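> When you get a sec, could you give me coordinates for this:
(chains A and B)
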Protein chains: 2
Amino acid sequence: MDETRPKVRLYVSSPLAAGGVATLDAGQAHYLRNVMRLSPGDGVRLFNGVDGEWLATVDGLSRKGGGVTVGERLRAQTADADLWLLFAPVKRAPLDLLVQKAVELGVSRLQPVLTRRTVVERVNIDRLDAIAVEAAEQSQRMSMPEVAEPVELAAALDDWPARRRLYFCDTGEAPPMAEALASDAPGSPGAVLIGPEGGFDPGERQWLAALPYAAPVSLGPRILRAETAALAALVLWQSAVGDWRSGA
Amino acid sequence: MDETRPKVRLYVSSPLAAGGVATLDAGQAHYLRNVMRLSPGDGVRLFNGVDGEWLATVDGLSRKGGGVTVGERLRAQTADADLWLLFAPVKRAPLDLLVQKAVELGVSRLQPVLTRRTVVERVNIDRLDAIAVEAAEQSQRMSMPEVAEPVELAAALDDWPARRRLYFCDTGEAPPMAEALASDAPGSPGAVLIGPEGGFDPGERQWLAALPYAAPVSLGPRILRAETAALAALVLWQSAVGDWRSGA
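So this is what the prediction gives:
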């Protein structure tokens, strides 16, 4: 990374173009003013998931928000890998961690799903969204993943696109995930499904295994916590199919 | 896992053999009595990293400790992969997470190393050791990884075994880690080295790259936090070289 570029990098929803202005919300203005100690004239970087990354100059910061003027484009927009994570919600600390790490690892969509053994049913989407935004800003991602509202597992798989292979982590005699991934075309869309701490119930496992686009996979001989399994599966997918490959 | 086996699984340092007795420390006795609500006659599982996993029956639990009688052997001892993790210490929360996840992922040795840009120099080895024990118990590991005292990076690499390939994560033009791993013989010893948040300094990178057993690798196009990079590298190593392979 070019060390002369501003360190602060913010996600905004407004369009970005040279000479344009962008507005910052109260939280962003507070962060720039009180945490990063920026003043009018200081530089920041902005991205919106569509127009690339831009240099911008702070015009003003108040308690209610702020404004910046957009300067030159620093990076063209790039497409991130097309990777969904479906996960049964876990407790707050591991859930926050899961979302932060999944965003760093490049998922494009986070979908909480309710399974038969799911214990935690309430999910604060606003909190997860804020964690996702911060992780995207810090990881230098060019896109912002969607954090979807929780749905029943069956509903999440309704109308599933046939080309999107769904890997679900199973404790049985499933093949190692790296082996299963070898048959995927590089750059194809994918998804990882992680069950709750208690695993999928036998009926769910049978149903999942029968879906034409779903493949059970194993992640080694030890028992992994749900969030560890999710991160491991995302890493293996990105490495074999996604944007961690050479020239991807 | 056999659902009829006791859920509680403890690491002990005493030898384990049928009919023998094992002592529990005050913390373990407290956990069995006050957290898990066990009483004399209840079953637990024990492992010591050498003799396999054993069924045992609680004889007595007091504030000072406890005793159990060892019954039948449930699992023979197995060898875990030979994988070291060398890491520059980070702040407390990500460090605790790193140790927990690394143990789940099957590392055999955790070595904190001090690099030129390492900011956090104090490491509470007792706390990390307790986290490692709990993670090993819960992940059904058969071995207990060593948590070593922090040393300077150069000292950690002194007398390095030539056969143990050391992967270090680099922000430059390094090849994807999966490509670099392809030349390793399955089951060979390995190591992952993760630098501090600020990365290795240029002199360190040059020195590392010149070591005959060291290989720089990349982990995708985004900037990963130190602990995320460590976990990703461990996952890729276990999948390609370690015990996540078929028949490993």
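
> Is residue A:50 in contact with residue A:77, as I believe?
Yes. Residue A:50 is within contact range of residue A:77, at 6.3 Å (criterion: C-beta atoms under 8 Å). Just so you know, the C-beta spots here come from the backbone N, C-alpha and C atoms, and that holds for glycine as well.

> Which one of those two is surrounded by more residues?
More neighbours surround residue A:77 than the other of residue A:50 and residue A:77, with 15 against 12 (other C-beta atoms under 10 Å in any protein chain shown).

> show me what contacts the closest residue to residue A:57 other than its chain neighbours?
Excluding the flanking residues, the one nearest residue A:57 by C-beta to C-beta, 6 or more residues apart in numbering or on different chains is residue A:69, at 5.2 Å. Listed by C-beta atoms under 8 Å, 6 or more residues apart in numbering or on different chains, the contact set of residue A:69 reads A:19, A:20, A:21, A:56, A:57, A:59.

> pretty sure residue A:69 is in a strand, no?
Yes. Under DSSP: H, G, I helix; E, B strand; the rest coil, residue A:69 falls within a strand.

> same for the helix or strand hosting residue A:84, what does it pack against?
Per DSSP states H and E: residue A:84 is located in strand A:83-87. Strand A:83-87 sits against strand A:109-114, strand A:190-194, helix A:226-240, with contacts defined as 3 or more C-beta pairs under 8 Å, 6 or more residues apart in numbering or on different chains; DSSP states H and E.

> Chain B: which of those is closest?
Across these, chain B has its closest neighbour in helix A:226-240 (4.5 Å, C-beta to the nearest C-beta).

> Just the CA atoms of the closest one, as CSV, please.
The C-alpha trace of helix A:226-240 is given here as CSV (Å, rounded to 0.1, in the frame of the first residue of the first chain):
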residue,chain,number,x,y,z
ALA,A,226,-19.1,-23.3,14.4
GLU,A,227,-17.3,-20.1,13.7
THR,A,228,-13.9,-21.8,13.2
ALA,A,229,-15.5,-24.2,10.8
ALA,A,230,-17.0,-21.4,8.8
LEU,A,231,-13.7,-19.5,8.5
ALA,A,232,-11.9,-22.6,7.5
ALA,A,233,-14.4,-23.4,4.8
LEU,A,234,-14.3,-19.9,3.4
VAL,A,235,-10.5,-20.0,3.3
LEU,A,236,-10.4,-23.3,1.4
TRP,A,237,-13.0,-22.0,-1.0
GLN,A,238,-11.2,-18.7,-1.7
SER,A,239,-7.9,-20.6,-2.2
ALA,A,240,-9.3,-23.1,-4.6
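
> Just checking it against chain B, any contact.
Yes. Helix A:226-240 reaches chain B (C-beta under 8 Å from any C-beta of the partner chain) through A:228, A:231, A:232, A:235, A:236, A:238, A:239, A:240.

> And the second one, what's its pLDDT?
This means residue A:231. With respect to pLDDT, residue A:231 has a value of 98.

> check contacts around it.
Residue A:231 neighbours (C-beta under 8 Å, 6+ apart): A:98, A:101, A:102, A:105, B:101, B:228, B:231, B:232, B:235.

> Can you tell me the element the residue at minimal distance from the centre of chain A falls in?
By C-alpha atoms, centre = their mean, chain A has its centre lying nearest to residue A:103, at 3.1 Å. Following DSSP H and E, one finds residue A:103 within helix A:92-104.

> Return the set of buried residues in that helix.
A:94, A:95, A:96, A:97, A:98, A:99, A:100, A:101, A:102, A:103, A:104 (16 or more other C-beta atoms under 10 Å in any protein chain shown).

> That helix vs chain B: in contact?
Yes. Judged by C-beta under 8 Å from any C-beta, helix A:92-104 comes into contact with chain B through A:97, A:101, A:104.

> Check what pLDDT the residue nearest to residue A:133 when sequence neighbours are not counted gets.
Nearest residue to residue A:133 in three dimensions, chain neighbours excluded: residue A:11, at 5.3 Å (C-beta to C-beta, 6+ apart). Listed pLDDT for residue A:11 reads 97.

> And for residue A:11, the neighbour number?
17.

> Which residues are in contact with it?
A:46, A:47, A:48, A:49, A:133, A:136, A:137, A:144.

> Output the residues you listed in JSON lines; the columns should cover pLDDT.
Below are the contacts of residue A:11 laid out as JSON lines (pLDDT from 0 to 100):
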{"residue": "A:46", "pLDDT": "98"}
{"residue": "A:47", "pLDDT": "98"}
{"residue": "A:48", "pLDDT": "97"}
{"residue": "A:49", "pLDDT": "96"}
{"residue": "A:133", "pLDDT": "97"}
{"residue": "A:136", "pLDDT": "97"}
{"residue": "A:137", "pLDDT": "97"}
{"residue": "A:144", "pLDDT": "96"}
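
> Just the ones of these in helices?
A:133, A:136, A:137 (DSSP state H).

> Tell me the one among the residues you listed nearest to residue B:186.
Nearest to residue B:186 out of those is residue A:136 (C-beta to C-beta; 36.4 Å).

> how close does that closest one get to residue B:13?
45 Å (C-beta to C-beta, to the nearest Å).

> When these two are compared, which one has more neighbours?
Just comparing residue A:136 and residue B:13: by other C-beta under 10 Å the higher neighbour count belongs to residue A:136, 24 against 11.

> so who does that one touch?
Under the criterion of C-beta under 8 Å, 6+ apart, the neighbours of residue A:136 are A:11, A:103, A:143, A:144, A:145.

> Residue A:124: neighbour count?
12.

> Ramachandran angles for it?
phi -90, psi 100 (degrees, to the nearest 10).

> Run through the residues of chain A sitting next to chain B.
Residues of chain A lying close to chain B (C-beta under 8 Å from any C-beta) are A:1, A:78, A:97, A:101, A:104-106, A:138-141, A:171, A:175-179, A:218-225, A:228, A:231-232, A:235-236, A:238-240, A:242-246, A:248.

> Now do the strands in chain A.
A:9-11, A:21-24, A:43-47, A:53-62, A:65-75, A:83-87, A:109-114, A:146-147, A:151-152, A:165-169, A:190-194, A:214-217 (DSSP state E).

> most packed of those strands?
Each of the strands of chain A was scored by mean neighbour count; the highest is strand A:190-194, a mean of 26, by mean count of other C-beta atoms under 10 Å in any protein chain shown.

> which other residues reach that one?
Strand A:190-194 has contacts (C-beta under 8 Å, 6+ apart) with A:81-88, A:113, A:164-169, A:184, A:208, A:214, A:226-227, A:229-230, A:233-234, A:237, A:241-242.

> Repeat the analysis, applying 7 Å as the threshold.
A:83-88, A:164-169, A:184, A:226, A:229-230, A:233-234, A:237, A:241 (C-beta atoms under 7 Å, 6 or more residues apart in numbering or on different chains).

> Give the partner strands of it in its sheet and their orientations.
The strands beside strand A:190-194 in its sheet (DSSP bridges) come out as strand A:83-87 (parallel), strand A:165-169 (parallel).

> Output those as a markdown table; include the columns mean pLDDT.
Listed next are the strands paired with strand A:190-194 as a markdown table, based on pLDDT from 0 to 100:
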| stretch | mean pLDDT |
| --- | --- |
| strand A:83-87 | 98 |
| strand A:165-169 | 96 |
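
> Export these as JSON lines, with columns for distance to residue A:33.
Below are the strands paired with strand A:190-194 laid out as JSON lines (distance: least, C-beta to C-beta, whole Å):
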{"stretch": "strand A:83-87", "distance to residue A:33": "34"}
{"stretch": "strand A:165-169", "distance to residue A:33": "44"}
